[in-house]
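# Need a 3D model of the following:
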Amino acid sequence: MGVKQKKDKITDSFKGQKRMYQNIEYLKIKIYESSSFQKKKLELFFESRESTFLDEFELFLKDYIMYLNKNNMTIEYGIDAYLKMVNDMFKSQVKFMRTGKYPVSKTSEAIDNVYNDKKEMLSYMIGLALSQYLWSTHYEMFNHLKDELEKNKKSIKNYLEIGPGHGLFLKNAIDILDKDTTMTAIDISPISLEISKSIIEYFYSSKNIEFINEDMLKLELDSNCDFIVMGEVIEHVETPELLLKKVSRLLSQNGKAFLSTCVNCPAIDHVYHFHTVDEIRNMFSKCGLEIVSEKVLPVENLPMCEIVDKKITINYSAIVKRA
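Modelled structure (predicted):
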């Protein structure tokens, strides 16, 4: 094969890949046009992704766009929501590096400023859904959950999710678990819960899920949960210990829970500041939870000593059981 033929083959392959992943390519173009910082980070991210990830992400985007269109939104709205979320986090980070404090200190502030503001909350959840694929740390935590559900699906007869938000975890749980699994979703924000509910009703119109709009700590529930998901919730409250103790009480004897949170991670609705991963681990232990597996995921590729010294965000997820 001559040089020209080889070049033509490579070009054809590249064009074919673009056609195969047209939603990903469109998303990248639009984000890159709007943010040179995001372009730099995402180019590095996509360079390391294999075709299995691209296939999964393309399928997600297809569903994501269909859901948006059904609800009178566009992919451009989703991209703008993602970029707004990134920008809000950057502003929070700048303030945090200057003051050492998160932007909000009380749950009531987050409720007033975000959770009860329909426009703000919708944008936040739609943008956050994209981050599950565009941020390597979020994607790894997402896979941590999916892998555990796959391993335990035969023993999970009932599933509880606290703070389902963007609905992606709940949607994947439905895909993985038996169709007869009893499922409950609880959220303190009526707007967030409506978003989750609309997503599930769009993709699984016949699936019977109990959606409860209430403060988790005020609810009396049966203590027999086979699997509990509480993704990125405990940093949103002033007393995460109370939620963790409740999770411990609700788990069945052989039940497990997926918990995720973050260290040094300021955001418009983050209230509780975890300073180290050990602080999270110790809190879990004091609340009667034993770590089965965990993911410690700094958002920058630097030595851990430098991550800690510079107070760079660390995302964290764990599978836990009753101690």
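# Please make it C-alpha for all contacts and neighbour counts, starting now.
Fine.
# Which parts of this structure are helices?
3-20, 22-34, 36-47, 51-70, 75-99, 107-110, 118-134, 136-152, 168-176, 190-203, 240-250, 277-286, 304-309 (DSSP state H).
# Can you add mean pLDDT and mean neighbour count and give these back as a markdown table?
Converted to a markdown table, these look like this (pLDDT from 0 to 100; neighbours: other Cα atoms under 10 Å):
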| stretch | mean pLDDT | mean neighbour count |
| --- | --- | --- |
| helix 3-20 | 54 | 12 |
| helix 22-34 | 97 | 16 |
| helix 36-47 | 94 | 13 |
| helix 51-70 | 97 | 15 |
| helix 75-99 | 96 | 17 |
| helix 107-110 | 90 | 17 |
| helix 118-134 | 95 | 20 |
| helix 136-152 | 97 | 18 |
| helix 168-176 | 96 | 18 |
| helix 190-203 | 93 | 19 |
| helix 240-250 | 96 | 20 |
| helix 277-286 | 98 | 15 |
| helix 304-309 | 95 | 13 |
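# How much space separates the residue nearest to the spatial centre of the chain from residue 322?
For the chain, the residue sitting closest to the mean C-alpha position, by Cα atoms, centre = their mean, is residue 132 at 5.3 Å. When distance is defined by Cα to Cα, to the nearest Å, residue 132 is 28 Å away from residue 322.
# do the same with residue 152
16 Å.
# again, but for residue 115
Counting by Cα to Cα, the gap from residue 115 to residue 322 is 31 Å.
# ditto for residue 137
26 Å.
# now residue 28
Distance, residue 28 to residue 322, by Cα to Cα: 43 Å.
# Equivalent analysis for residue 139, please.
Distance, residue 139 to residue 322, by Cα to Cα: 26 Å.
# And the pLDDT at the closest residue in space to residue 177 that isn't next to it in sequence?
Leaving out its chain neighbours, the residue that sits closest to residue 177 by Cα to Cα, 6 or more residues apart in numbering is residue 153, at 5.4 Å. What the model reports for residue 153 is a pLDDT of 95.
# Residue 153 is in contact with residue 179, isn't it?
No. Using Cα atoms under 8 Å, residue 153 is not in contact with residue 179; the gap is 10.7 Å.
# Of the two, give the one with the bigger neighbour count.
Legend: neighbour count by other Cα atoms under 10 Å for residue 153 and residue 179, higher for residue 153 (17 against 12).
# Could you pull up phi and psi at that one?
phi -60, psi -30 (degrees, to the nearest 10).
# Show the contacting residues for it.
Going by Cα atoms under 8 Å, 6 or more residues apart in numbering, residue 153 touches 176-178.
# buried ones in the longest strand along the chain?
For the chain, the longest strand by residue count, based on DSSP state E, is strand 251-263. Neighbour counts over strand 251-263 (16 or more other Cα atoms under 10 Å) mark 251-252, 255-263 as buried.
# For residue 259, give me its contacts.
Applying Cα under 8 Å, 6+ apart, the residues contacting residue 259 are 229-232, 317-320.
# oh sorry, the question was meant for residue 271
Residue 271 is in contact with 102-107, 110, 235-238, counting by Cα under 8 Å, 6+ apart.
# Just the residues you listed: which are in strands?
Using DSSP E, none of those sit in strands.
# Would you convert these into a markdown table that also reports distance to residue 213?
Listed next are the contacts of residue 271 as a markdown table, based on distance: Cα to Cα, whole Å:
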| residue | distance to residue 213 |
| --- | --- |
| 102 | 27 |
| 103 | 26 |
| 104 | 23 |
| 105 | 23 |
| 106 | 20 |
| 107 | 16 |
| 110 | 17 |
| 235 | 19 |
| 236 | 17 |
| 237 | 16 |
| 238 | 19 |
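# measure stretch 202-219 end to end?
Terminal residues of stretch 202-219 lie 28 Å apart, using Cα to Cα.
# can you give me the offset of that stretch from its chain's centre?
In terms of Cα atoms, centre = their mean, to the nearest Å, the centre of stretch 202-219 is found 18 Å from the chain centre.
# try stretch 132-142
In terms of Cα atoms, centre = their mean, the centre of stretch 132-142 is found 7 Å from the chain centre.
# cool, and stretch 109-116?
Its chain's C-alpha centre and that of stretch 109-116 lie 19 Å apart, by Cα atoms, centre = their mean.
# Any idea how far apart the tips of that stretch sit?
End-to-end distance of stretch 109-116 (Cα to Cα): 10 Å.
# residues contacting the nearest residue to residue 318 once chain neighbours are set aside?
Of all residues not flanking residue 318 in the chain, residue 294 sits nearest, at 4.1 Å (Cα to Cα, 6+ apart). Neighbouring residues of residue 294 by Cα under 8 Å, 6+ apart: 316-319.
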